[in-house]
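Participant: Just the structure for this:
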Amino acid sequence: MREILFRAKREDNGEWAYGYYVRLPDAAGSASMIHTPARNPDESNSSHFIRSSTIGQYTGLTDKNGTRIFEGDIVRHYCKLPVPGGEIGTDRGTIKWDSEECFFFRTSLDGKDKTISAKCEYEIIGNIYDNPELIGGGENG
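Facilitator: Below is the predicted model:
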């Protein structure tokens, strides 16, 4: 079963919070939080108000270093299969969610969106919030 997990930047200190996304109604409309359950009985649960613009869902995949890949991550893609022209190539792009078709994809240097797959190898090199310079001011890496 796929783990449903989110991350977002905390409002109070800008650090990343990981856990379950919670949207609460408030006087101004709504507030967003990340709730992180305790990992063991000696710890306590934590909840943090977050910047809604930084929410990203876990794709269910990890990169070549075992790091979870989230929406908003900038990844380097290593083709394990021959690409057109018969070469093994590398590509770079941003992980995104297509809410119309309900799937994760990544942008590409060639300007064409690509699906992401557990059969491919990725390496997280940053994210669009902490490292916008890695995407060169555009949508592609």
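Participant: For the spatially most central residue of the chain, list the residues it contacts.
Facilitator: Taking Cα atoms, centre = their mean, the centroid of the chain lies closest to residue 70, which sits 1.9 Å from it. The contact partners of residue 70, by Cβ atoms under 8 Å, 6 or more residues apart in numbering, come to 7, 56-59, 95, 127. Any C-beta I mention is one placed from the backbone N, CA and C, and that applies to glycine too.
Participant: ok but residue 35 is inside a strand, no?
Facilitator: Yes. Under DSSP: H, G, I helix; E, B strand; the rest coil, residue 35 falls within a strand.
Participant: and it, how many neighbours does it have?
Facilitator: Number of residues near residue 35 (other Cβ atoms under 10 Å) recorded here: 14.
Participant: Go ahead and confirm it touches residue 19.
Facilitator: Yes. Counting by Cβ atoms under 8 Å, residue 35 touches residue 19, with 5.1 Å between them.
Participant: one step back: from residue 30, how far out is the residue nearest to the centre of the chain?
Facilitator: 22 Å (Cβ to Cβ, to the nearest Å).
Participant: got it, and residue 18?
Facilitator: According to Cβ to Cβ, residue 18 stands 21 Å off from residue 30.
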